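> give me the fold of what follows.
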Amino acid sequence: MQAKGKLGPSIVNYSALMRQIIFLFFWCAIATVSAQSKDLDQAREYLAKSEFVRAERLGLQLEQQGQDAYLVNELLGDIYSAQKQWDKALKRYGTLLEVHADSANAHFKYGGALGMKALQVNRFKAITYVADIQEHFEQTVRLDPSHIPGRWALIEFYLQLPSILGGGYDKAQEQALTLAEVSPVDGLMAKARLAEHEEDWALAEKYYWRAVDRGQSIWTYQSLARFYENRKRYKEALAVSITASGRHQDARIDYQIGKLSVLSGAEFDQGLQAIQKFIKEFHSENGIPLEWGYYRLAQIQRLTGEVDKAYNAIQLALTYRPKFEQAIDEKDLIVKLKGI
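Numbering: from 1, shown residues only. Have a look, this model is predicted:
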């Protein structure tokens, strides 16, 4: 089965492919290693907090001390990956493969880093990376059939790669079926992804709901909410996010409730409460910049007639990022309402 209009005039929609894999790569890079010493644990903690200088310094010290070469090289590769230093990351992951060619995780990380590096080169050169990336992802699941990020990477890879180059919908579907045997929830999510790719929105919605009912995880709720948001069904997205907040304490959900309250024009009280919580409990690890919290706060306050408070909030957003275009536009709206 051929995908509907996904590849356009180009041979490979390479940037789209790699954007889909970015989350998988970093999830695996940060989450899958169990450190064997307190120092390695500490370095991982620095990495999780984006304290890259301290993490790298400790990692290099461990290397000089002759600590476990595999774990140290993997740690350093993850540190460089988090900073988008792909050449350095590839060198470290390449060392893993030289010593442990049978490591599924090493193949996955090397393939992921190679894909990220490909985003930094021109389009024609990037295409030459495809075969190597594909080989490393396929080797990942050959070595470890239960490697969930590897299965997901291949699903996305095959969806974007035409059959003439070794991809195609049928191969992606085969990976989704295998993934379902490893993890039923991931299998349902994969089926939803395939349905979206084919623009079968009703089927995608069905599978997202089944995944939510079975998994009840932040990931399943957020994916369903994002599906509704992308379809501009904002009230349904908001309802899903509010339900998720009752099950999970997560700053990303709080932010999403605030955002969707604005987009839907509904539930302003809950939106205000959620976005204020996001701001009050802000941590950089959330992945959403603080200025976006103030921006959403200003929008809610403008929509509820609290113009002076909205003005103060948007000023705070612009303090954090003076060239924040959306905030500049929002400030213009607020200023007109204030009549200044």
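
> next up, the contacts around residue 73.
Residues in contact with residue 73 (CB atoms under 8 Å, 6 or more residues apart in numbering) are 63, 92-93, 95-96. For the C-beta atoms, the positions are set from N, CA and C on the backbone; glycine is no exception.

> closest to residue 253 among these?
residue 93 (33.1 Å; CB to CB).

> just the element for that closest one, please.
helix 86-99 (DSSP states H and E).

> which positions within that helix qualify as buried?
Under the neighbour-count criterion of 16 or more other CB atoms under 10 Å, helix 86-99 has 86, 88-90, 92-97 buried.

> tell me which strands and helices whichever helix or strand comes after that helix is in contact with?
Once helix 86-99 ends, the next helix or strand along the chain (criterion: DSSP H and E) is helix 104-118. Helix 104-118 sits against helix 14-31, helix 69-82, helix 86-99, helix 130-143, helix 148-160, with contacts defined as 3 or more CB pairs under 8 Å, 6 or more residues apart in numbering; DSSP states H and E.

> was I right about residue 338 contacting residue 311?
Yes. Residue 338 sits in contact with residue 311 when judged by CB atoms under 8 Å, with a separation of 6.2 Å.

> who has more neighbours, the two?
residue 311 (20 against 12; other CB atoms under 10 Å).

> the more buried one sits in which helix or strand?
helix 307-320.

> off-centre distance for that helix?
29 Å (CA atoms, centre = their mean, to the nearest Å).

> low-confidence ranges, this protein, go.
Scanning the chain for pLDDT under 70 picks out the ranges 1-36, 340.

> separation between residue 282 and residue 256?
Per CB to CB, to the nearest Å, residue 282 is found 15 Å from residue 256.

> quick check: buried residues in stretch 40-58?
40, 43-44, 46-47, 55-56, 58.

> ok, the spatially closest residue to residue 297 that is not a sequence neighbour to residue 186 distance?
Of all residues not flanking residue 297 in the chain, residue 313 sits nearest, at 4.4 Å (CB to CB, 6 or more residues apart in numbering). The spacing between residue 313 and residue 186, counted by CB to CB, is 39 Å.

> before we move on, back to that, could I get the helices and strands packed on helix 104-118 as JSON lines with distance to residue 329?
As requested, these are exported to JSON lines (distance: least, CB to CB, whole Å):
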{"stretch": "helix 14-31", "distance to residue 329": "26"}
{"stretch": "helix 69-82", "distance to residue 329": "32"}
{"stretch": "helix 86-99", "distance to residue 329": "35"}
{"stretch": "helix 130-143", "distance to residue 329": "39"}
{"stretch": "helix 148-160", "distance to residue 329": "33"}
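
> so which of those is nearest residue 261?
Closest among the helices and strands packed on helix 104-118, using CB to CB: helix 14-31, at 25.2 Å.

> what's in contact with stretch 310-323?
Contacts with stretch 310-323, where a contact means CB under 8 Å, 6+ apart, come from 289-292, 294-295, 297-299, 301-302, 324, 327-328, 330-331, 334-335, 338.
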